[in-house]
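In: Generate coordinates for the sequence data below:
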Amino acid sequence: MTSPFAALHEARSPGASELSILPTGPFELGLRTGCRTCRLTWRAMHAISRTQLGNRSLQHVECPVQERAALLSRSYPSLRSHDLSRSDLEALASYTELFRVAAGTMIFHEATPGSWMALVVSGEVEIRKLDAAQSDRVLATIGPGNLLGEMAFLDGQTRSATAIASKDTALLVVTRSAYDEVVRVHPALVGKLLPGLIRVLILRLRRANVKLVDRQED
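Out: Okay, here's the model as predicted:
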């Protein structure tokens, strides 16, 4: 019997980088994220973001920068330990975009470019990978307050696994071009954030090592 995850792999045409646009449906993003003024929009995203995300299933949500800054602060509490002012948060938020992903949607596919990363604001994302027997394994479940896709984004490699939204999910996304612009315009701000990001990567690596040892013992 073919698993839903394997079916997603089979349904994805060779060389395809984008998925079809989801039909519209009820999604109370304001209730899920605490953003009262955010609303779904079907206006075309700027060309760089659309190309870098490589996935039309992610619905762009029009959201003021002040609200995105509030989402950053609420969803990623460790930012408060980086001595960031309100203007710092708003500067950082101005380089992010808010996206909605419906449950069951593939967010990114294994072996595709890691040209963006995201903060999970609400919902849940499963990181999955097919094993040698073509059975899908859940490597991790990522919830609010956790980063998604940061490893491939930072090391410039392709995605090592596939991410699928297991619940309706909201993501604050930063693309490669936006990150490069932050580094150029706000180097001091990036300097404040890097230690925390490094700690996240180290923790992720330690957890992966523990899981590997557990599987070998089984």
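In: So which residues of the protein form helices?
Out: Taking DSSP state H as the test, the helices found in the chain are 4-11, 29-33, 47-53, 65-75, 86-93, 150-155, 176-185, 187-217.
In: tell me the mean pLDDT over the first one?
Out: Helix 4-11 shows a mean pLDDT of 44.
In: what do you get for the second one?
Out: If you average the pLDDT over helix 29-33, you get 43.
In: what's the answer for stretch 87-96, then?
Out: The model assigns stretch 87-96 a mean pLDDT of 93.
In: And stretch 148-165, by the same measure?
Out: The model assigns stretch 148-165 a mean pLDDT of 91.
In: which of the residues in that stretch are buried?
Out: Leu148, Gly149, Glu150, Met151, Ala152, Phe153, Arg159, Ala161, Thr162, Ala163, Ile164, Ala165 (16 or more other Cβ atoms under 10 Å). For every residue, glycine as well, the C-beta is placed using N, CA and C.
In: Show me what that stretch is in contact with.
Out: Contact partners of stretch 148-165, identified using Cβ atoms under 8 Å, 6 or more residues apart in numbering, comprise 5, 8-9, 101-120, 123-129, 139, 142, 171, 176, 179, 197, 200-201, 204.
In: among those, which ones are buried?
Out: Applying 16+ other Cβ under 10 Å to the contacts of stretch 148-165 flags 5, 8-9, 101-102, 105-110, 113-120, 123-128, 142, 171, 176, 179, 200 as buried.
In: So Ala111 versus Leu203, what's the distance?
Out: Separation of Ala111 from Leu203 (Cβ to Cβ, to the nearest Å) stands at 25 Å.
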